[in-house]
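**Student:** just need the structure, nothing else, for what follows:
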Amino acid sequence: QVQLVESGGGLVQAGGSLRLSCAASGDTSRLYSMGWYRQIPGKERELVATVSVTESADYGDSVKGRFTISRDTIKDTVSLQMNSLKPEDTAIYYCTAEVRRQVRTTYWGQGTQVTVSS
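**Tutor:** This is a model prediction of the structure:
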């Protein structure tokens, strides 16, 4: 089992910045990728960004050029620097971690609210 604890959400004005952090604990020996998804009420959860153990990053189209994901593979943490925030970035942001053993298992954090005011 892997536990994820997020921090850093909050309220910010449009054009501002926020930084989200997530720490993984538990059985992280086969932790492959970590990242972030977000969900707006009534809509499907969407990819924000993920980064693999080889530091290969993938971003959702709506955040490319504004958000940057980084990972510390020793501390098992992942951070998301969010710049030039827009009201449409308002959502609950979930930290994820994928473990690869004989099967792949994805773990989710409890979510942190990000609200961008116009």
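**Student:** buried set for stretch 11-21?
**Tutor:** By 16 or more other Cβ atoms under 10 Å, the buried positions in stretch 11-21 come out as Val12, Leu18, Leu20, Ser21. C-beta: built from backbone N, CA, C; applies to glycine.
**Student:** ignore the last one, stretch 54-70
**Tutor:** Of the residues in stretch 54-70, Tyr59, Val63, Phe67, Thr68, Ile69 count as buried by neighbour count, 16+ other Cβ under 10 Å.
**Student:** wait, the first one sits on Val48?
**Tutor:** Yes: using Cβ atoms under 8 Å, Tyr59 makes contact with Val48 at a distance of 7.4 Å.
**Student:** find residues that contact each of these two.
**Tutor:** Counting by Cβ atoms under 8 Å, 6 or more residues apart in numbering, the residues touching both Tyr59 and Val48 are Phe67.
**Student:** low pLDDT regions in this protein?
**Tutor:** Counting by pLDDT under 70, the chain contains no low-confidence residues.
**Student:** quick check, central residue of it?
**Tutor:** Closest residue to the average C-alpha location of the chain: Trp36 at 2.1 Å, with Cα atoms, centre = their mean.
**Student:** quick one: the residue in the chain sticking out farthest from the centre and Trp108, what's the gap?
**Tutor:** For the chain, the largest distance from the centre (Cα atoms, centre = their mean) belongs to Gln102, which lies 24.6 Å off. To Trp108, Gln102 is 21 Å away according to Cβ to Cβ, to the nearest Å.
**Student:** follow-up on the earlier one: and the closest residue to the residue nearest to the centre of the chain other than its chain neighbours, what helix or strand is that in?
**Tutor:** In space, and not counting its chain neighbours, Trp36 is closest to Val48: 4.1 Å by Cβ to Cβ, 6 or more residues apart in numbering. Taking DSSP states H and E as the definition, Val48 sits inside strand 46-52.
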